[in-house]
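Chemist: let me see the structure of the following:
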Amino acid sequence: MIITYDIDDIRSYINWIYFDYAWSMNGKPGEERERLHADADAMLDSWQGRYHTRAVFELLEANSDGDDIMAGGIRLPMLRQQRPAAPGQPNLSLADFLRPASQGIADHLGVFAATVDYDLTCGYDHDVYGKMLSQVLADRLAEGTAELVHLEVRRRYWGYAPDEDLPVKDILAGHYRGIRPAVGYPSMPDTSMNFLLARLVDMKAIGVRLTESGMMRPHASVSGLMFAHPQARYFELGKIGDDQLRDYARRRGLPVEMMRKYLQTALLHR
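Modeler: Numbering: from 1, shown residues only. As a prediction, this is how the structure comes out:
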């Protein structure tokens, strides 16, 4: 399913904490942040009615098979934490949040992508500040779009949390049932996973193209998975050792050195 949003639909779901972080505003005087936010609001006003954001998602029957996820006829190999978050806790993999295929009962998984209009950040080539502001806002709009479509999936399309009624600040803090881990983030750092996700959702239908490394264009785009398991939570993998790198490459069916390139920032030994 494809959903198109107006800029004003997404404004409430912009996480201004990350916006401020991108500008190194942490610890800066409040007046500086207020001026920056006023400029951002003015830019958003100028985009309303001219530009849009878009999301595409699919809800699929899915199961786990070891550390792999099987959905829509595609096998999605996942990675596993090298160290648990706390003593006594398990080393997590995203595959853990789906029912094992050996049980013979289908579970469900969401797959999504979200982006902004391709030319949203155009027109600022001779305005360095405007270019930076438009790019940071575009990134926040893409993330806000993913946040809103996830909310609508939880409440209506998947409907596993139809009575959810959380203030936006709690939604942005992830205080809801389920998770939506994104490609390139701590639990799924392999950008080439986008090549597999693009076989499950029509990214091109919302204007997203993939580079040779699996990066998304426009840059202000996000893709990932949606899990409904009540114990699903976000986590960091930690640095991946050579043993898991080789096992992951085997399950992906790709050369180890190619996977080493995709996972470079997540490797214990680069």
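Chemist: and the closest residue in space to residue 184 that isn't next to it in sequence, its phi and psi?
Modeler: Of all residues not flanking residue 184 in the chain, residue 191 sits nearest, at 5.4 Å (CB to CB, 6 or more residues apart in numbering). Every residue, glycine included, has its C-beta placed from N, CA and C. Backbone geometry at residue 191, expressed as degrees, to the nearest 10, gives phi -70, psi -20.
Chemist: residue 219 and residue 170, how far apart?
Modeler: 29 Å (CB to CB, to the nearest Å).
Chemist: and for residue 95?
Modeler: From residue 95 to residue 170 the distance is 28 Å (CB to CB).
Chemist: with neighbour numbers in mind, choose between these two.
Modeler: residue 95 (21 against 12; other CB atoms under 10 Å).
Chemist: show me where the stretch 51-200 of the chain has its strands.
Modeler: Using DSSP state E, counting those that start in this stretch, the strands of the stretch 51-200 of the chain run over 52-65, 68-71, 74-77, 107-116.
Chemist: point out the most buried one among those strands.
Modeler: Across the strands of the stretch 51-200 of the chain, averaging neighbours per residue (mean count of other CB atoms under 10 Å) puts strand 107-116 on top, at a mean of 26.
Chemist: and residue 1, how many neighbours?
Modeler: So residue 1, with other CB under 10 Å, has 13 neighbours.
Chemist: once you drop chain neighbours, what's closest to it?
Modeler: That would be residue 57: by CB to CB, 6+ apart, it lies 5.9 Å from residue 1.
Chemist: give the contact list for the one you found.
Modeler: 1, 110-113, 149, 153, 157, 201, 226 (CB atoms under 8 Å, 6 or more residues apart in numbering).
Chemist: and the furthest pair within these?
Modeler: Greatest spatial distance among the contacts of residue 57 (CB to CB): 113 and 157, at 15.1 Å.
Chemist: quick one: residue 192 and residue 168, what's the gap?
Modeler: Taking CB to CB, one finds residue 192 at 33 Å from residue 168.
Chemist: count the neighbours of the closest residue to residue 93 other than its chain neighbours for me.
Modeler: Of all residues not flanking residue 93 in the chain, residue 80 sits nearest, at 4.2 Å (CB to CB, 6+ apart). Per other CB under 10 Å, the neighbour tally for residue 80 reads 20.
Chemist: quick check: residue 80 touching residue 236?
Modeler: No - between residue 80 and residue 236 there is no contact under CB atoms under 8 Å: 11.8 Å.
Chemist: pull stretch 61-72 out as CSV, backbone CA atoms only.
Modeler: Output in CSV follows, covering the C-alpha atoms of stretch 61-72 (Å, rounded to 0.1, in the frame of the first residue of the first chain):
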residue,chain,number,x,y,z
GLU,A,61,3.1,-13.8,6.5
ALA,A,62,6.5,-14.6,8.0
ASN,A,63,8.4,-16.9,10.2
SER,A,64,12.0,-17.3,11.6
ASP,A,65,14.4,-20.0,10.6
GLY,A,66,17.3,-19.8,13.0
ASP,A,67,18.7,-16.2,12.5
ASP,A,68,16.9,-15.8,9.2
ILE,A,69,13.5,-14.3,8.5
MET,A,70,11.3,-15.8,5.8
ALA,A,71,8.7,-13.5,4.3
GLY,A,72,7.1,-13.2,0.9
